[in-house]
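1. coordinates only, sequence not included:
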C-alpha cells in the first residue's frame, strides 16, 4: 500500500525571492527527479488552512500583521513580529502562501486522525521556527504545531521528531507545558548554530516537564555518531511515551554539503534514518506518522535526501545512479556539477581529526539529556 | 546592567534580639543563606547559616554558644553594602574581594534589596544567554578605535539585527567579539565579512559547503 502524498502547486507561492535560501527550486528539482526515476508524483491536493485554523496556535495580533504585510501595508512594528527581517522578508500574499503550507500539514494530520491513512507524506511545510507571535528563520506560520494541535484536540498523544539541523524551537515553545506532546529535536548545538536554543536543560514546564527532549550535537558530527545518539535518545523516549502518532520534520540540512550548518551527514545516513523512523512509528505509534519537509539549502543534497524519503515511504527500490537528463538539466541551470549518485561516495569530505572526541561528547550530552528527563517519566 | 535590575526585594530581615535557633529555622524554611540584621529598623549586621553553624559547633573557639544566643552577638559587622545604581560588576568585584556571599543594598539608610552570588550567576546567564532566536558570529577584531563600528556597520548594511554583543580581550592587540545576530544564514554573513578582511572565527570556512 502506498503512502499518500500531499502537495499543491500553490506551495511555490511561498517564495522569499531569488536570493533567498528557502527556495521553491528544492521542490521543483525533487518532483523532476521523481519523474525521471519513473515515479511521477501522484498527490492529494490539500485544503488551504483557514484563518481560524492558523489562530489555533498563533495570536490575533500576529496574524493581523502577516495579513497586512502580505497586502503591502507598512507598519513600524512589523519587525517586532519577525516580519520584514533579513530571514523572513515580506512578500505579496504571504499570509495566503503560508496558509497553503499549513493546509497541507493539517490535511495530512486529518487523514491520519480520521483513519483514512496511517502514514502521510506532506511535500512541504516543516516551518518549525515560527512562534505564536513571531515569524522566525524563514518560517511564518507553524504548520507543524497547527497540525499537532488538531491531533491533540482529537485526544491523540503526539510525538514530534525533528531531524532538521536547527533546533525545532517554535514547536518546542508552543507545546512546552503540554503533557500530550513529546518533542524531540536533534540538531547542531545552539552554542554554535541558530536559533541558539535546544539545550539539554530545556525539558518542558508544568505538565509538560520531561516531555521536551533535545540532543545538541557537536559541529562536524558524522553519520555513525548521529545514528548512535539518535537511537540512544529517541528509542527509550518513544518506548516510555507511547504516542498515538508521530509528526516528523524531515529537514535535510544536516548534510555535509549544506551551506548553512556544520553537521556532516551523507545521504547514506538518511537512507538509514528514514527506515528507522518508520520502524519506530510501527513499534511505538501504531504505524501512524505524518512526515513533512523542512530546511535543506544545498539543492544537490536536499533533492537527493527527499527523494530518499519518498522512495523509502513508498517502498520503492533505491537507484544508485541518478538519471542523466535530470543531472544535465539541473547541472546546467545551477551552473555546477551535481552528485551523480543517490548515495554520496565515501571520502566525500576531508577526514575530521576530532572525530573520537565529537563522538564522546555527543554520547555524553545524550546521557545527560536522558538523566534530566527520566525522573519525570513515571 | 545595574544592581537594581538583579537584586531581590523586599528583603527579609531579623532583629538583633532574635535567637540563633530562630534565625536558622527562618533560613531553612525560606531556603536562604543570608539575613540582614536590623536594630530599630537600621541595618547593623549580617548573619549567615555558616555563622550560626560555626558559633554553635563544639569546634568553635571558646566552645559552642547556646542556641538561644541573640544573633547580635554572632553577626558580621560592620556590613559591606551596595547601591541600587551600582553596576552589577561592581557588586561582583566587592563580593569577590571580600569573599562574601551576599550584599545588602542600601538607598541612603533604607535597606531596599539584597544581591547574592546566585543573582550574579543569573545576571551572567542573561548577559550571555539567548533571549531571541539568533545565530552566532565570532569575529577577531584589532584592538583599536573604529573596529567594532566597522563590524556593526557591515551588519547594518546587510539589514542584520544585532541581538546581543559580548567582547573580551585575547592576548595583546586583539578583541574577540561574539555577536548574536537575527539571521539563520550566518555562513553567508561570515563569507561577506571575510571578503571585507575580517577574521571570522565562527562559523568556519568549509570548502565542501555549496548550494
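-> That came through, no problem. Everything numeric here is computed off the predicted structure, so don't read it as measured data.
2. Show me where chain A has its helices.
-> A:25-36, A:51-55, A:60-70, A:94-113, A:143-153, A:169-174, A:223-241, A:267-284, A:299-314, A:324-334, A:355-373 (DSSP state H).
3. Please apply the same query to chain B.
-> B:3-6, B:20-30, B:49-55, B:88-98, B:117-128, B:147-157, B:186-195.
4. So the helix or strand of chain B with the lowest mean pLDDT, near chain A or not?
-> Least confident helix or strand, chain B: helix B:117-128 with a mean of 88, by mean pLDDT, DSSP states H and E. No. Residues of helix B:117-128 are not located near chain A by CB under 8 Å from any CB of the partner chain, the shortest gap being 10.6 Å. Bear in mind the C-beta positions are built from the backbone N, C-alpha and C, glycine included.
5. How about residues contacting that helix?
-> Helix B:117-128 is touched from outside by B:1, B:5-8, B:88, B:91-92, B:95, B:101-102, B:164, B:166, with contacts defined as CB atoms under 8 Å, 6 or more residues apart in numbering or on different chains.
6. try 6 Å
-> B:1, B:6, B:88, B:92, B:101 (CB atoms under 6 Å, 6 or more residues apart in numbering or on different chains).
7. How far does that helix sit from its chain's centre?
-> 4 Å (CA atoms, centre = their mean, to the nearest Å).
8. Poorly predicted segments of chain B, please.
-> Residues of chain B meeting the criterion pLDDT under 70: B:210-211.
9. again, 80 this time
-> B:128-129, B:207-211 (pLDDT under 80).
10. interface residues of it facing chain A?
-> B:130, B:133-135, B:159-160, B:182-185, B:187, B:208-211 (CB under 6 Å from any CB of the partner chain).
11. circling back to that earlier point, what comes up buried for the least confident helix or strand of chain B?
-> Judged by neighbour count (16 or more other CB atoms under 10 Å in any protein chain shown), helix B:117-128 contains these buried residues: B:117, B:119-120, B:123.
12. for the chain, which residue is closest to the average position?
-> Went with chain A since none was named. For chain A, residue A:249 is the residue whose C-alpha lies nearest the centre (CA atoms, centre = their mean; 2.8 Å).
13. Chain B, not that one
-> Centroid-nearest residue in chain B, with CA atoms, centre = their mean: residue B:120, separated by 2.4 Å.
14. any chance of the helices of chain A in TSV, plus mean pLDDT?
-> Below are those laid out as TSV (pLDDT from 0 to 100):
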stretch	mean pLDDT
helix A:25-36	96
helix A:51-55	98
helix A:60-70	98
helix A:94-113	98
helix A:143-153	98
helix A:169-174	98
helix A:223-241	98
helix A:267-284	98
helix A:299-314	98
helix A:324-334	97
helix A:355-373	98
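15. Please pick the buried ones from the residues of chain B next to chain A.
-> B:130, B:133-135, B:160, B:182-185, B:187, B:209, B:211.
16. Including distance to chain B and mean neighbour count, could the helices of chain A go into CSV?
-> Below are those laid out as CSV (distance: least, CB to the nearest CB, whole Å; neighbours: other CB atoms under 10 Å in any protein chain shown):
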stretch, distance to chain B, mean neighbour count
helix A:25-36, 10, 19
helix A:51-55, 20, 16
helix A:60-70, 15, 19
helix A:94-113, 17, 25
helix A:143-153, 15, 26
helix A:169-174, 6, 25
helix A:223-241, 14, 18
helix A:267-284, 14, 19
helix A:299-314, 6, 24
helix A:324-334, 7, 14
helix A:355-373, 14, 17
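17. out of the ones you listed, which comes closest to residue B:75?
-> Comparison of these against residue B:75 by CB to CB identifies helix A:355-373 as nearest, at 39.1 Å.
18. For the closest one, which helices and strands make contact with it?
-> Judged by 3 or more CB pairs under 6 Å, 6 or more residues apart in numbering or on different chains; DSSP states H and E, helix A:355-373 is in contact with helix A:223-241.
19. 7 Å - rerun?
-> strand A:212-217, helix A:223-241 (3 or more CB pairs under 7 Å, 6 or more residues apart in numbering or on different chains; DSSP states H and E).
20. got the contact list for the strand ranked longest in chain A?
-> The longest strand of chain A (DSSP state E) is strand A:181-188. Outside strand A:181-188, the residues that touch it by CB atoms under 7 Å, 6 or more residues apart in numbering or on different chains are A:148, A:152, A:158-168, A:171-172, A:175, A:198, A:211-217, A:219, A:230, A:234, A:237, A:241, A:243, A:261-263.
21. what does stretch B:83-99 give?
-> With CB under 7 Å, 6+ apart as the criterion, stretch B:83-99 contacts B:1-4, B:6-7, B:80, B:82, B:103, B:105-107, B:112-113, B:115, B:117, B:120, B:123.
22. And stretch A:23-33, by the same measure?
-> Contacts for stretch A:23-33 (CB under 7 Å, 6+ apart): A:11-12, A:15, A:41, A:123, A:296, A:299, A:302-303, A:306-307, A:326, A:330.
23. In JSON lines, list those residues along with distance to residue A:341.
-> Shown next, in JSON lines, are the contacts of stretch A:23-33 (distance: CB to CB, whole Å):
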{"residue": "A:11", "distance to residue A:341": "28"}
{"residue": "A:12", "distance to residue A:341": "28"}
{"residue": "A:15", "distance to residue A:341": "30"}
{"residue": "A:41", "distance to residue A:341": "22"}
{"residue": "A:123", "distance to residue A:341": "23"}
{"residue": "A:296", "distance to residue A:341": "18"}
{"residue": "A:299", "distance to residue A:341": "16"}
{"residue": "A:302", "distance to residue A:341": "15"}
{"residue": "A:303", "distance to residue A:341": "13"}
{"residue": "A:306", "distance to residue A:341": "16"}
{"residue": "A:307", "distance to residue A:341": "12"}
{"residue": "A:326", "distance to residue A:341": "12"}
{"residue": "A:330", "distance to residue A:341": "15"}
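24. on that earlier part again, between the contacts of helix B:117-128, which is nearest residue B:47?
-> residue B:101 (11.9 Å).
25. Go ahead and confirm the residue nearest to the centre of chain A touches residue A:294.
-> Yes. With contacts counted by CB atoms under 7 Å, residue A:249 reaches residue A:294, the gap being 4.7 Å.
26. Quick check: neighbours shared by the two?
-> A:126, A:128, A:164.
27. what sits against the last one?
-> Taking CB under 7 Å, 6+ apart as the contact definition, residue A:164 lies against A:128, A:187, A:249, A:251, A:253, A:294-295.
28. so how far is residue A:281 from it?
-> Residue A:164 is 18 Å from residue A:281, where distance means CB to CB, to the nearest Å.
29. Test my guess that residue A:152 contacts residue A:158.
-> Yes. Using CB under 7 Å as the test, residue A:152 is close enough to residue A:158 to be in contact (6.0 Å).
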